[in-house]
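K.L.:
I need the structure of the sequence given here:
(one chain, ligands or ions: 2)
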Amino acid sequence: MSQKETYENPDLKKERQNCPFNKEEITNLLDGGKEKTAERKQLENYILSDEQLKDAVPMEYLSHADKYAEELRKACLLMHKLENSPAGQVPTLRALMGAGLGSAVLKEGNPLALHYVMFIPALMGQGTIDQQAKWLAKAYNLNIIGTYAQTELGHGTFLRGLETTATYDPNTQEFVLESPSLTAYKWWPGSLGKTANYAVVMAQLYTKGKCEGTHPFMVQLRDEETHEPLPGIVIGEIGPKLGMNTNDNGYLGFEKFRIPRDQLLMKHSQVLEDGTYVKPTNSKLSYATMVFVRVVVCQDVTTNLRKAVTIATRYSCVRRQSELKPGDREPQVMDYQAQQNKLLPPLAATFAFQLASDHLWNLYNTANNNIEQGDLELLPDLHGLSCALKALCSSEGANFVEVCRQSCGGHGYMACSNFPRIYGQVTAAETYEGENTVLWLQVARYLVKTRKEQTGGLSVKYLIGEEKGPKTVDTTLEGIVHLYRRTAVGLVDVAIAELEKSGRKGEAPHDAWNHAAVYLIKAAQAHARLFVVESFVNSLKVGNLSAPVRTVLSQLCELFIIYWLLERSGELFFVRQFIKKRLVTVEFQVRTLLYVKLLAAIRPQAVNLVDSFDLRDEILASPLGCWDGNVYQRLFDEAAKSPLNQSSVHESFHKYLKPLLKSNL
Ligand SMILES: CC/C=C\C/C=C\C/C=C\CCCC(=O)SCCNC(=O)CCNC(=O)[C@H](O)C(C)(C)COP(=O)(O)OP(=O)(O)OC[C@H]1O[C@@H](n2cnc3c(N)ncnc32)[C@H](O)[C@@H]1OP(=O)(O)O
Ligand SMILES: Cc1cc2nc3c(=O)[nH]c(=O)nc-3n(C[C@H](O)[C@H](O)[C@H](O)COP(=O)(O)OP(=O)(O)OC[C@H]3O[C@@H](n4cnc5c(N)ncnc54)[C@H](O)[C@@H]3O)c2cc1C
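P.N.:
Ligands and ions are numbered 1, 2, ... in the order given. Predicted structure coming up:
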């Protein structure tokens, strides 16, 4: 019997009556088409009907080592199931790696994730055709399992500061890998601790006595039969973390470890037999794997946010608390405007982030195809936009997930609510693949350069030439988007003015840069927000949407755009012309009124909207967010699983508490 034929909480039932739009239309839109929805559902049935992929006990009750073993067991079973997957191997792998279907099975992190998310992409992006022929089939067939080992104990952000060396020995035509200090040890790579037997290792390449910078090397770490670390390789796992505890992040040291010359991944730069170094066309091409992951992180964070919003919204319609009207029945907490103010902006954000991530994905594919043909023109725009959206989606996503947790009161603090895991994953994305502040500064560098040199890619075109558009702000959506644009331009100009001021004081450019960081980061964030709101508005102009769906999405779009404007209103005060023209006060009064009206207009559709995400209960993995709304019974069922409830008196009572009670007599 399907979950939809059993109990349904009466409040949720009511919420679902008379939905003015077709939920399936939104589901199809998010999946990328009707056929994709059908494929996804078929795949979910295939994977989630397998009893062996279910947890005997919740992961929280297992030891660190048992958690790893259990997740690895399921990860390997999933790989066996790939062979017969109804959706085909590549779509199945995509679905299994991130916060969607995969997370229903591998709740604490997939020990094979890095193999698919970074190791294989690194081989494809950095290896020559011959190297790909040698390694890729082995990697796809899981004859070898790899990771991406870049970060060290001493350096993660500053890649030019990495200490691991790979020194070419022309006599043997080998590279000698060495960790010259403790801080040179690789530290953090996922799957490195216990799972992987190979890695793409980033190391400083030395040849003919000269350092040529960081380069990727294909390195075998463990014996393919015994899995023992090879002589000269030191490996371990780094221990428990805030989240993602079964990704077995590890450490790795090299003691004069030799690899053949052809294990330098040589697609972009080469070392010839005699040690001659052949430069790449662009030194940043060796950073390409990170660019790819930044792009997919945006999608992954959005999926996690959808989960958090679904759990919090359904719970808020089941939960009744306090008094709205004296003497009346306690209201659903969703009926408090304060609760709508918490939950409807993140609901709108899930659409905003998805649409922006879709644009980024398209840019990635075009730029990558061009790069394969030797055309690097789109690379700066891709780097700028992937940094901007990765930083924005993960930081805003983490804040929104925390708000969703808060909106569930005490029950949101339970491990079984699934908020701790979701939060652990989204906050990780703020740090990994480039710490967000560092990425904001990369974006700012691109913006300042574009504004000063008056040339740049499509995402920064608005910084080139005179400002276009109305001089006053009107209350249409276009008018508000224009306000975002003027803020973004204004903040870049403020940052440039700050840099020039420091320059006039005689500061060196690097000092001036450091002293303008606050403004630079604000400018980068305003740029990212502009991109997201423009994507949202433009996406609604095109596309084949029915009138009811267009109406509700337009309301969400408007709510989101006004929400951000009100949240970030302080930034407008940095832009002097806005204050002079007294734009801010008048417009904000009007906008605040509209914002509140939009909350009320969207409120009745909140449950229908999260239903249209079509996230199965197994993926939500939370008694608070289940489709049927049977929250309290499910919370009790979860508590019954606690090992402390397996006996009425725990043995520790007799060991510790009883003697203490006696001694107090
Ligand atoms: C994914 C979802 C599914 C499942 C999740 C599960 C598991 C996955 C979990 C975790 C995976 C995470 C893995 C990792 O974290 S791997 C390690 C990632 N590390 C980083 O991201 C390091 C961040 N640091 C850097 O990227 C760089 O050091 C830097 C900050 C960019 C600075 O580099 P540097 O060489 O010093 O460059 P600059 O001098 O600052 O700039 C010079 C020049 O180069 C341009 N540039 C920089 N980077 C790039 C790039 N990647 N592509 C293109 N161009 C680049 C930069 O703009 C500048 O250009 P100019 O024209 O201004 O000179
Ligand atoms: C869950 C997880 C998984 C990971 N997986 C992998 C992996 O698979 N492979 C891998 O190689 N690595 C991995 N990492 C490492 C990750 O990529 C790095 O931790 C990340 O890039 C940040 O680098 P860092 O730790 O050196 O931080 P730091 O750079 O030391 O950051 C510390 C602080 O300094 C600030 N800071 C640093 N430089 C600047 C600057 N130039 N200007 C202003 N402020 C600055 C930062 O903003 C931050 O506030 C993972 C990390 C995590 C948390």
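K.L.:
only C-alpha atoms for contact and neighbour calcs from this point on.
P.N.:
OK.
K.L.:
tell me the residues of the stretch 151-300 of the chain that contact ligand 2?
P.N.:
The stretch 151-300 of the chain has residues 151, 155-157, 188-190 near ligand 2, with proximity defined as Cα under 6 Å from any ligand atom.
K.L.:
swap that for the stretch 351-500 of the chain, please
P.N.:
Taking Cα under 6 Å from any ligand atom as the measure of proximity, the stretch 351-500 of the chain contacts ligand 2 at 428, 431-435, 437-438.
K.L.:
tell me how far stretch 148-155 is from the chain's mean position?
P.N.:
20 Å (Cα atoms, centre = their mean, to the nearest Å).
K.L.:
whoops, stretch 300-316 was the one
P.N.:
With Cα atoms, centre = their mean, you get 14 Å for stretch 300-316.
K.L.:
also stretch 263-272?
P.N.:
Worked out by Cα atoms, centre = their mean, stretch 263-272 lies 31 Å from the chain centre.
K.L.:
ditto for stretch 198-216
P.N.:
Averaging C-alpha positions (Cα atoms, centre = their mean) puts stretch 198-216 29 Å from its chain's average.
K.L.:
okay, how far is it across that stretch, tip to tip?
P.N.:
Stretch 198-216 has an end-to-end distance of 13 Å (Cα to Cα, to the nearest Å).
K.L.:
do the same with stretch 168-180
P.N.:
One end of stretch 168-180 sits 16 Å from the other (Cα to Cα).
K.L.:
need the residues that contact it.
P.N.:
Residues outside stretch 168-180 that contact it (Cα atoms under 8 Å, 6 or more residues apart in numbering) are 163-167, 185, 205-208, 253-261, 273-275.
K.L.:
same question, stretch 392-401
P.N.:
Residues outside stretch 392-401 that contact it (Cα under 8 Å, 6+ apart): 298, 301-302, 305, 308-309, 346, 353, 419, 422-423, 426-427, 429-430, 436, 525, 528-529.
K.L.:
ok, stretch 555-564 next?
P.N.:
For stretch 555-564, contacts defined as Cα under 8 Å, 6+ apart pick out 345, 348-349, 352, 477, 480-481, 533, 536-537, 591-592, 595, 598-599, 601-602.
K.L.:
state the pLDDT value of E5.
P.N.:
Per-residue confidence at E5 stands at 57 (pLDDT).
K.L.:
and stretch 491-509, does that touch ligand 1?
P.N.:
No - using Cα under 6 Å from any ligand atom, we find that stretch 491-509 stays clear of ligand 1, coming within 13.0 Å at best.
K.L.:
how about that stretch: buried residues?
P.N.:
Within stretch 491-509, the residues that count as buried by 16 or more other Cα atoms under 10 Å are 491-496, 498-500, 502.
K.L.:
chain center to it: distance?
P.N.:
Here the centre of stretch 491-509 is set off from its chain's centre by 33 Å, with Cα atoms, centre = their mean.
K.L.:
quick one: contacts for N84?
P.N.:
Applying Cα under 8 Å, 6+ apart, no residues contact N84.
K.L.:
for it, phi and psi?
P.N.:
In terms of degrees, to the nearest 10, the main-chain angles of N84 are phi -110, psi 20.
K.L.:
separation between it and A75?
P.N.:
N84 is 15 Å from A75, where distance means Cα to Cα.
K.L.:
least confident secondary structure element in this protein?
P.N.:
Using mean pLDDT, DSSP states H and E, helix 576-580 stands out as the lowest-scoring helix or strand of the chain, at a mean of 62.
K.L.:
okay, domains of this protein per the record?
P.N.:
Listed domain ranges for the chain are 33-110, 141-280, 440-608 (source: automatic domain parsing).
K.L.:
worst mean pLDDT among those domains?
P.N.:
Among those, domain 440-608 scores lowest, at a mean of 89.
K.L.:
that one: how far from the chain's middle?
P.N.:
In this view, domain 440-608 has its centroid 22 Å away from the chain centroid, taken as Cα atoms, centre = their mean.
K.L.:
for stretch 15-33, same thing?
P.N.:
Put simply, stretch 15-33 sits 25 Å off its chain's centre (Cα atoms, centre = their mean).
K.L.:
can you tell me what sits against it?
P.N.:
Stretch 15-33 is contacted by residues 34, 36-37, 354, 548-549, 604-605, 607-609, 611-614 when judged by Cα under 8 Å, 6+ apart.
K.L.:
which pair of those spans the longest distance?
P.N.:
Using Cα to Cα, the two most remote members of these are K36 and P604, lying 28.3 Å apart.
K.L.:
thinking again about what came up before, from the contacts of stretch 15-33, which is closest to E71?
P.N.:
Taking Cα to Cα as the measure, E71 lies nearest D614 of these, at 25.1 Å.
K.L.:
using the three-state scheme, assign that closest one.
P.N.:
coil (DSSP: H, G, I helix; E, B strand; the rest coil).
K.L.:
show me the contact partners of stretch 533-549.
P.N.:
Where contact means Cα under 8 Å, 6+ apart, the residues beyond stretch 533-549 that reach it are 20-22, 25-26, 351-352, 355-356, 359, 477, 481, 550, 553-554, 557, 561.
K.L.:
now the end-to-end length of it.
P.N.:
Termini of stretch 533-549 sit 18 Å apart (Cα to Cα).
K.L.:
okay, buried residues for it please.
P.N.:
Buried residues in stretch 533-549, counted by 16+ other Cα under 10 Å: 533-537, 540, 549.
K.L.:
keep only those of those residues that are in helices.
P.N.:
With helices taken from DSSP state H, the overlap with those comprises 533-537, 540, 549.
K.L.:
mind putting those residues in CSV, distance to L392 included?
P.N.:
Listed next are those as CSV, based on distance: Cα to Cα, whole Å:
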residue, distance to L392
V533, 12
E534, 15
S535, 14
F536, 15
V537, 18
L540, 21
V549, 26
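K.L.:
returning to what we had before: of the residues of the stretch 151-300 of the chain next to ligand 2, buried ones?
P.N.:
By 16+ other Cα under 10 Å, these give 151, 155-157, 188-190 as buried.
K.L.:
how about those residues in a markdown table, adding secondary structure and distance to E377?
P.N.:
Output for these, formatted as a markdown table (DSSP: H, G, I helix; E, B strand; the rest coil; distance: Cα to Cα, whole Å):
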| residue | secondary structure | distance to E377 |
| --- | --- | --- |
| T151 | coil | 28 |
| H155 | coil | 30 |
| G156 | coil | 28 |
| T157 | coil | 25 |
| W188 | coil | 33 |
| P189 | coil | 31 |
| G190 | coil | 32 |
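K.L.:
which one of the ones in helices among the buried residues of stretch 533-549 is nearest V291?
P.N.:
Taking Cα to Cα as the measure, V291 lies nearest S535 of these, at 20.4 Å.
K.L.:
what about that closest one, distance to Q425?
P.N.:
Counting by Cα to Cα - S535 and Q425 are separated by 25 Å.
K.L.:
surely P229 touches I235?
P.N.:
Yes - with contact defined as Cα atoms under 8 Å, P229 and I235 form a contacting pair (7.0 Å).
K.L.:
circling back: buried subset of the contacts of stretch 15-33, written for ChimeraX?
P.N.:
To isolate the buried members of the contacts of stretch 15-33 in ChimeraX, using 16+ other Cα under 10 Å:
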select :36,37,354,549,604,605,607,608,609,611,612,613,614
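K.L.:
pick the one among the contacts of stretch 15-33 closest to ligand 2.
P.N.:
Ranked by distance to ligand 2 (Cα to the nearest ligand atom), the contacts of stretch 15-33 are led by Q354 at 22.4 Å.
K.L.:
next SSE downstream of the helix or strand harbouring that closest one?
P.N.:
Assigned by DSSP states H and E, Q354 belongs to helix 337-372. Later in the chain than helix 337-372, the nearest helix or strand by DSSP H and E is helix 379-406.
K.L.:
tell me what angle that next one forms with helix 337-372.
P.N.:
Counting by axes from the mean of the first three to the mean of the last three Cα atoms, to 10 degrees, helix 379-406 lies at 160 degrees to helix 337-372.
K.L.:
cheers, nothing more for now.
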